[in-house]
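Undergrad: Have a look; sequence and predicted model below, questions after that.
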Amino acid sequence: SYLFSTIAKKVAAYQEANPDKEIIRLGIGDVTQPLAPAIIEALHSAVDEMAHAETFHGYAPDLGYEFLRSAMAKNDYQAKGCDIKADEIFISDGAKEDCGNIQEIFGTDNKVAVCDPVYPVYVDSNVMAGRTGTYDADTQMWSDVIYMPCLAENGFAPELPKETPDLIYLCFPNNPTGATITKAQLQEWVDYANKVGAVILYDAAYEAYISEPDVPHSIYECEGARTCAIEFRSFSKNAGFTGVRLGFTVIPKDLKSGDVSLHALWARRHGTKYNGAPYIVQRAGEAVYSAAGKAQLKEQVAYYMNNAQYILKGLQEAGFTVSGGVNAPYIWLKAPNGMTSWEFFDYLLENVNVVGTPGSGFGPSGEHYFRLTAFGSYENTVEAVDRLKKIQL
Ligand code: MLT
């Protein structure tokens, strides 16, 4: 089943059998801090608008409300020197949905390349579409997927594949490893995709966590990305919308497959199968770009990154091999003493009541690794690190 559903079931079973144990959940990347005041205010005022015929809103426009698409184009792209216009943005109820659905506009014989380990949605949605061939339980690989190993030896950054793909999924800052690539490295991918005629599906859900200067926030910072890249953005991690649901996808009008416009194809798909994120949620999204919203969210991101630093430092002191956590809310650690990822998961759940995510759940190259998130409360994060420091293996 879906990785995070499997984990939730295991944890629920353990809790049922041990009702007195206080489990700390640093598994799924779900936020814990409340919505920022500017967002709550926007939600209240949009709800009030829905109570009056003159200000009531029914179906949203196909691509989303202009007020939000303009704010996105201006703040996320034009202010950062990226040539993206409001009418190249499609608003949705989340990046997970868009990452999973985007493959529908491509042929079923298209060859997909993914990082290994990888956010499971990219692979699983292609499996469901019948694009991945047969599964080998021993290698845990699909015959028709190109896996690009991201290991300690290559700094958890994928290398250009030997076999030429049609679709390349990239996610930076990375889920699950927390690794990043520089703008020059991303430019190599853009040049490669333009050369071989591949489309890069770039998941930038964690861009708000970038703290270092040479790490690109958008693939459109690279020359030539308008002809080879689609970008996904989320409001879940930068603004705490995991339960509110809002995201968007950028498809530049220059992006073509042969003479077919991918923007037009996605517009057709979006219009046919989707009725838009709710008006009140899109107004909440607009508040993310207000001066107050920006200031409040900067603090929220800093809160989680403080947790990341705490975990990183604490585990380093305890002798773990750790990475990530500098430009991303994920910490990637090596399971001690050669334990498999699931052995370490069970060990931590049963002995110190801390939940993380087994690296092997993200792909075969994640075996022997383990992911912790920085999205817990500070108090829980401190307690979890204390418990991890005490384990005797
Ligand atoms: C994760 O834990 O990997 C995230 O929750 C993924 C997501 O945002 O769907």
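TA: Yes, it's here. Numbers count the residues shown, from 1 in each chain.
Undergrad: wait, Ala42 sits on Ala284?
TA: Yes. Between Ala42 and Ala284 there is a contact at 5.0 Å, judged by CB atoms under 8 Å. Using the backbone N, CA and C atoms, a C-beta is placed for each residue, glycine as well.
Undergrad: So for these two, which residue has more residues nearby?
TA: Comparing Ala42 with Ala284 by other CB atoms under 10 Å, the one with more neighbours is Ala284, at 29 against 24.
Undergrad: dump the residue contacts of the residue nearest to Arg25 when sequence neighbours are not counted.
TA: With sequence-adjacent residues excluded and distances taken as CB to CB, 6 or more residues apart in numbering, Arg25 is closest to Val355, at 4.7 Å. Val355 sits next to Ile7, Val11, Ile23, Ile24, Arg25, Leu26, Gly27, Phe345, Leu348, Leu349 when contact means CB atoms under 8 Å, 6 or more residues apart in numbering.
Undergrad: JSON lines for the residues you listed, including pLDDT and neighbour count?
TA: Shown next, in JSON lines, are these (pLDDT from 0 to 100; neighbours: other CB atoms under 10 Å):
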{"residue": "Ile7", "pLDDT": "94", "neighbour count": "21"}
{"residue": "Val11", "pLDDT": "96", "neighbour count": "18"}
{"residue": "Ile23", "pLDDT": "97", "neighbour count": "16"}
{"residue": "Ile24", "pLDDT": "97", "neighbour count": "21"}
{"residue": "Arg25", "pLDDT": "96", "neighbour count": "19"}
{"residue": "Leu26", "pLDDT": "96", "neighbour count": "25"}
{"residue": "Gly27", "pLDDT": "94", "neighbour count": "26"}
{"residue": "Phe345", "pLDDT": "97", "neighbour count": "25"}
{"residue": "Leu348", "pLDDT": "97", "neighbour count": "23"}
{"residue": "Leu349", "pLDDT": "97", "neighbour count": "22"}
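Undergrad: out of those residues, who's nearest the ligand?
TA: Ranked by distance to the ligand (CB to the nearest ligand atom), the contacts of Val355 are led by Gly27 at 7.1 Å.
Undergrad: Can you tell me how far the closest one is from Gly224?
TA: As judged by CB to CB, to the nearest Å, Gly27 and Gly224 stand 38 Å apart.
Undergrad: just Ile24 next, same as before
TA: Distance, Ile24 to Gly224, using CB to CB: 45 Å.
Undergrad: Doesn't Arg371 lie inside a strand?
TA: Yes. Counting by DSSP: H, G, I helix; E, B strand; the rest coil, Arg371 is part of a strand.
Undergrad: Hmm, it is touching Ile331, no?
TA: Yes. Counting by CB under 8 Å, Ile331 is a contact partner of Arg371 at 7.0 Å.
Undergrad: Neighbour count: those two, which is higher?
TA: Applying other CB under 10 Å to Arg371 and Ile331 shows that Ile331 carries more neighbours, namely 29 against 26.
Undergrad: Is the host helix or strand of the more buried one positioned near the ligand?
TA: Using DSSP states H and E, the element containing Ile331 is strand 330-334. No. Using CB under 6 Å from any ligand atom, strand 330-334 stays clear of the ligand, coming no nearer than 7.8 Å.
Undergrad: tilt between that strand and strand 369-373?
TA: With axes from the mean of the first three to the mean of the last three CA atoms, to 10 degrees as the basis, strand 330-334 and strand 369-373 are set at 150 degrees to each other.
Undergrad: Who are the packing partners of strand 330-334?
TA: Packing contacts for strand 330-334, counted by 3 or more CB pairs under 8 Å, 6 or more residues apart in numbering; DSSP states H and E, involve helix 291-317, strand 322-324, strand 369-373.
Undergrad: Endpoint to endpoint, stretch 345-358 covers what distance?
TA: Using CA to CA, to the nearest Å, one end of stretch 345-358 lies 6 Å from the other.
Undergrad: actually stretch 73-85, sorry about that
TA: Stretch 73-85 has an end-to-end distance of 6 Å (CA to CA).
Undergrad: repeat for stretch 133-142
TA: In stretch 133-142, first residue to last residue: 6 Å (CA to CA).
Undergrad: And the helices in the stretch 1-150 of the chain?
TA: Ranges of helices within the stretch 1-150 of the chain are 3-17, 37-49, 66-72, 95-101, 120-128, based on DSSP state H, counting those that start in this stretch.
Undergrad: Could you pull up the contacting residues of the residue of the stretch 201-350 of the chain found nearest the ligand?
TA: Of all residues in the stretch 201-350 of the chain, the one sitting closest to the ligand is Ser236 (5.7 Å; CB to the nearest ligand atom). Neighbouring residues of Ser236 by CB under 8 Å, 6+ apart: Val31, Gly94, Ala95, Ala205, Thr242, Gly247.
Undergrad: any chance you could read off phi and psi for it?
TA: Dihedral pair for Ser236: phi -70, psi -40, per degrees, to the nearest 10.
Undergrad: pLDDT score for it?
TA: Ser236 is assigned a predicted lDDT (pLDDT) of 98.
Undergrad: can you check Ser1 too?
TA: Looking at Ser1, its pLDDT stands at 80.
Undergrad: now Leu393
TA: Listed pLDDT for Leu393 reads 72.
Undergrad: so how far is Glu383 from the residue nearest to Arg25?
TA: With distances taken as CB to CB, Val355 is found 13 Å from Glu383.
Undergrad: With Gly178 instead?
TA: 21 Å.
Undergrad: Tell me which of the two has more neighbours.
TA: Set Gly178 next to Glu383 and count neighbours by other CB under 10 Å: Gly178 wins out with 27 against 17.
Undergrad: Might one say that Ala157 is in contact with Cys150?
TA: Yes. Ala157 lies in contact with Cys150 (CB under 8 Å); the separation is 6.3 Å.
Undergrad: out of these two, which sits in the more crowded spot?
TA: The residue with more neighbours, out of Ala157 and Cys150, is Cys150; 26 against 19, by other CB under 10 Å.
Undergrad: neighbours around the nearest residue to Tyr310 once chain neighbours are set aside, how many?
TA: Nearest-residue entry for Tyr310: Thr381, 5.7 Å, with adjacent residues in sequence omitted and distances by CB to CB, 6+ apart. Close neighbours of Thr381, defined as other CB under 10 Å, add up to 25.
Undergrad: Thank you, goodbye.
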